[in-house]
Each structure stands twice: as structure tokens, then as C-alpha cells.
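1. here is my input, please return the structure:
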Amino acid sequence: MSLKAPPTILELAVKNLLGNQDFTISVLQEMPTEFFPSLFKEAFNRRCMRILPALVSSWPFACLPVGAMMKVPDVMILQAVLAGIDMLLTQKVHLRSSKLQVLDLRNEHNRFWDVWAGLEGLACSKGMLSEEQKCKGLPRYALRQPLKVVTDFELKAELDEQQAYLLQWAQQQKRSVKLYCMKMTICETSVELIKAVLKTFPQDSVEELELSRNWSLATLSRFAPCLGQMRNLHKLHLDRIDMYTDIGTNPLTDREEKRESKFMSKIFKLNCLRHLSMNYIFFSGQLLKHLCRSMMCPVESLSIQGCLLSEPDLEHLCLWPRLYQLKHLKLHGLSLLNLSPTHLQFLLEKVSDSLQTLELQHCLISDSQLRALLPALSKCSKLNRVNFFDNDISTSLLKDLLHCMANLSTLTEEFYPAPLECYDQGGLVLLMDRFANLCPDLLNILRSKRHPKKGSFGTTFCHKCLRRCIYDLRTGFCPCHKKR
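-> Residues are numbered from 1 along each chain as shown. You can find the predicted model right below:
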């Protein structure tokens, strides 16, 4: 029977301080810096609304990452925190100048709460503070400089209560506070609402943007100027944007082509863009052609999922020089079955010195196509992750692939499909005994050259329970097959 550890002196002190909030507020200016993180966390968890504003206004660190503790929207907590900022901005005399420069409202893990509370110079918002600011406290006059409030926004049909309150507060304090949005997700949002929100903060503060909705070409072209203002955009994720109801049946009119071109031209001018992801996007057949001709910045990661790629599309993509420093390539849910492997082979050769992750999942790759890629794959010496799940590969060709991969010592994660011989002639029914017998021999191919750190063989998804049967060091059947 384990005994519960007795409370530390700091925990006892925090408990006593919260038990007498009036006294605690009166002595915050003289309180040791080391007390603040623990006292703030406990006051936050107990929802001590009286002391929270006082703690914020006296915060002795450069950054307050309160968003890391707000797992769900909580307008009352937000009001208390912003009330503390109001107190900080209106105070004229300080026994101890506040060092707060950044209020971070992003709901993501922050190392600040994990480390020793005495790290006074710890900054929490990447890119928001200079090295000198990270190490030194602010002088008194710095309170007249705009304080930075960093957040993320997920825009839907309407603003939620917390978003509306934050935007209204930021407008009221716009002379003293700068609101920055680092990541924006737009889903089923009107262009009017988007423009209203974007007016509240510098648009060049947006570093990551996700567009996820069905937009007409007219609507997309109206949004284009907003996109053009996001000059520091590093990541762009386009998800399920289907602008056409009759794909492939009617060509675009001149007006429609101009609208598409207006939107695409803004993407081309994003000089900081390094990560591009397109899921289930249906533009005209000229999309990749224009993209590859006009986009000037080198791309580090490219993800294409569920899009219709033609032979010219694949050719334009693989001949795009800006991809030749690519580190991460993901092609998922594409039909490559009837396309020549030559272009993809050429791209793999070009990126062999930089490519770290390669995912060719559910791409209907045939034996002959994969065989053509093997020489290029063998040169990708920096690969640490590969995924070939859900491709119809024979045992013979899969063995050749494994011999090729066995020579890549940098691989730490590798996922291979169960070979075709594990299914019946129709390819729908899994032959469990054959799967269990074949996989150990396949895994031994890797083991003959190195010890695989994380290697798995997976079947297609079971149509009943939507799970795979997996073999790594042992066979793991999905619930449906376990019952047989």
C-alpha cells in the first residue's frame, strides 16, 4: 500500500494564500517570484475570480501562457484574465514593474508550466520576443508599448461567446494591446464575418490557415484579397473545397477562369509558404500547372489527399523545382494505377538527399509501378518514416521492397500492406492463417539487416468494425476476426 506524499512547503503556502485572498492581493508586489506559477494554477483551477486579475496584473514573467490551461472555452476565466490586463494598463505606480509582454491564449501545451517556476526569462510565444527581451525584464516605460495577446481562431457560422468578448475587448484596448492570430481555421464562415474578424489583428500575424468549406468561385475570389494580406503564412491547408457541381462536364467560362486565377495568384505570392496541404480539392485541370509555374518559394512538405490527378497533373507536380528540397511527401487516396511511375520516380531521385517522410497510402500502386520506384527509394538515405498501407502488392514484390528498405538505417517508423496472397481471389476476405504465417517471414527480411524500431504489416479496413488486422511482433486481429 503506497502512502500519499505529504504536501510541500510551497503547496501549503499556496493553500494558505488562497484561503485569505484579500491579504494575498495586498502582498503580491512583495511576493517571491517562485510563488506565482503555482499560485496562478491553483487559483485558475479553483476559479478564484477575485485573485486572478491581481495575479495577471502583477505577473513577473515575460509571458503568461494561460491558454495551455483552458482546455474548453471559458468566458468567465477569459474575463478575469483580461480584467487583469486592464488593471495592468491603467496602473500608474508600480512597486515592481510588470514584465508581462505576451498573453498567450492558444490552447496548446506550453513548457512554461513543466519547468522550474524560477525561470524568469522563459518566453512562450515563438517569434514574438527578441533574445534580449527573453532574458531581461521590461523597463517602466515599456507599459506604454502595446502588449501582445496571441490566440488561434476557429471561425464557424457565428462567433462563440469567448471569441466575441475577446474581439470586443481588443477593439476597446487597441491603443495599448495588439491581438495576434497565429492559426486560423475557417469553416462555413461568411466572407463578411471573416473580414470583420481580420480587421482586429495584423493579418500578417497569421502563420497557419485552414480553409474547409464549399465555396463558389465568386466567394473564393472575394476572399482572395484577405489571403493576399497573410504575408507570413507558413502553412496552408485546403480541405474539401468543391467549387464545381458538374466537374468534367462543362468547361469554365472566361469569368470563372478569372475568378479561379485571382485566388490562385494570391497563393503564388505567399513567399513564406513552406507547407501545402490539399484534401479533396476540385479545381480546374490547370491548378497544378499554374501552381508549379508560379509558386516561387521552396516547399518543405506537400500533402495531397483524395484529389483527382491526371497524367499531366502528376508531370507538372514532379517537374516542379520548388519541390526539390522536400522533406515530407504524402499522397493519400489518389489513383495512380493508370499513371506512369516515371514522374514520381524522377521526383524521388531529386529529393533523395532531403526526404524524411514518405506516405503513399491507398494509391492503388501496382507491382510494376512500385518496382520502378525501388531504385529511387534506395537512394533516400534520410527517410525515417514510410507508409505503404492499402496498396495491392504481391508477396514477391513486397519482399523486394523490404530488402530495399532494410538498407535504410534511419527508418524509425515503417508501415507495409499485407500482401495480396493474404486475401481470397476476390480480394475482399482476409485469410487469417495465411496472414499470420506470412508476416513473420516478411518482418525477418528487415531484421536480417537491422532491428526495426516500429514496423507493421496491416490489412485493409474491415468493412464491419472499420479496423485493421495488424502484425508487428505478433498478430493483432480486428474484433470481427477475433470472434471467428
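2. what comes up buried for whichever strand or helix holds residue 76?
-> If you go by DSSP states H and E, residue 76 is part of helix 75-90. Using 16 or more other CB atoms under 10 Å as the test for burial, helix 75-90 gives 77, 78, 79, 80, 81, 82, 83, 84, 85, 86, 88, 89. To be clear about C-beta, it is placed using only N, CA and C from the backbone, and glycine gets the same treatment.
3. next one: stretch 180-187
-> So stretch 180-187, judged by 16+ other CB under 10 Å, has buried residues 180, 181, 182, 183, 184, 185, 186.
4. so which of the residues you listed are in strands?
-> 180, 181, 182, 183, 184, 185, 186 (DSSP state E).
5. for the second one, list the residues it contacts.
-> Okay, so that is residue 181. Applying CB atoms under 8 Å, 6 or more residues apart in numbering, we find residue 181 in contact with 151, 152, 153, 201, 205, 206.
6. out of the residues you listed, which is nearest to residue 399?
-> residue 152 (46.5 Å; CB to CB).
7. distance of the residue nearest to that closest one when sequence neighbours are not counted from residue 210?
-> Of all residues not flanking residue 152 in the chain, residue 183 sits nearest, at 4.3 Å (CB to CB, 6 or more residues apart in numbering). Going from residue 183 to residue 210 by CB to CB, to the nearest Å gives 8 Å.
8. circling back to that earlier point, so the residue nearest to residue 152 touches residue 230, yeah?
-> No. Under the criterion of CB atoms under 8 Å, residue 183 is not in contact with residue 230, lying 11.4 Å apart.
9. intersection of neighbour lists for these two?
-> Residues touching both residue 183 and residue 230 by CB under 8 Å, 6+ apart: 206, 209.
10. what is the most widely separated pair among the buried residues of helix 75-90?
-> Farthest apart among those - using CB to CB - are 77 and 89, which lie 19.1 Å from each other.
11. so where do the helices sit in the stretch 101-250 of the chain?
-> 131-135, 161-172, 191-198, 217-228 (DSSP state H, counting those that start in this stretch).
12. may I see those helices arranged in JSON lines, with mean neighbour count, distance to residue 433 and mean pLDDT as well?
-> Rendered in JSON lines, the data for the helices of the stretch 101-250 of the chain read as follows (neighbours: other CB atoms under 10 Å; distance: least, CB to CB, whole Å; pLDDT from 0 to 100):
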{"stretch": "helix 131-135", "mean neighbour count": "12", "distance to residue 433": "61", "mean pLDDT": "38"}
{"stretch": "helix 161-172", "mean neighbour count": "16", "distance to residue 433": "56", "mean pLDDT": "94"}
{"stretch": "helix 191-198", "mean neighbour count": "15", "distance to residue 433": "56", "mean pLDDT": "91"}
{"stretch": "helix 217-228", "mean neighbour count": "18", "distance to residue 433": "53", "mean pLDDT": "84"}
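13. do you know which of the ones you listed lies nearest residue 428?
-> helix 217-228 (40.3 Å).
14. other SSEs contacting that closest one?
-> helix 191-198, helix 254-268 (3 or more CB pairs under 8 Å, 6 or more residues apart in numbering; DSSP states H and E).
15. thinking again about what came up before, so which of the helices of the stretch 101-250 of the chain comes closest to residue 25?
-> helix 161-172 (22.3 Å).
16. can you list contacts of that closest one?
-> Contacts for helix 161-172 (CB under 8 Å, 6+ apart): 73-75, 78-79, 82, 105, 149, 151, 153, 159, 177, 179, 197, 200-201.
17. now for the helices of the stretch 101-250 of the chain, which one comes closest to residue 56?
-> With CB to CB, the closest approach to residue 56 among those belongs to helix 161-172: 13.3 Å.
18. low-confidence ranges, the protein, go.
-> Scanning the chain for pLDDT under 70 picks out the ranges 1-17, 92-98, 115-145, 242-252, 283-295, 473-475, 477-479, 481-484.
19. looking at the helices of the stretch 101-250 of the chain, which is closest to residue 390?
-> Per CB to CB, nearest to residue 390 of the helices of the stretch 101-250 of the chain: helix 217-228, 31.7 Å.
20. the closest one: how far from the chain's middle?
-> 23 Å (CA atoms, centre = their mean, to the nearest Å).
21. about what we covered before: would you turn the helices and strands packed on helix 217-228 into TSV with distance to residue 375?
-> Formatted as TSV, the helices and strands packed on helix 217-228 follow (distance: least, CB to CB, whole Å):
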stretch	distance to residue 375
helix 191-198	48
helix 254-268	34
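22. buried residues in stretch 439-450?
-> Buried residues in stretch 439-450, counted by 16+ other CB under 10 Å: 439, 442, 443, 445, 446.
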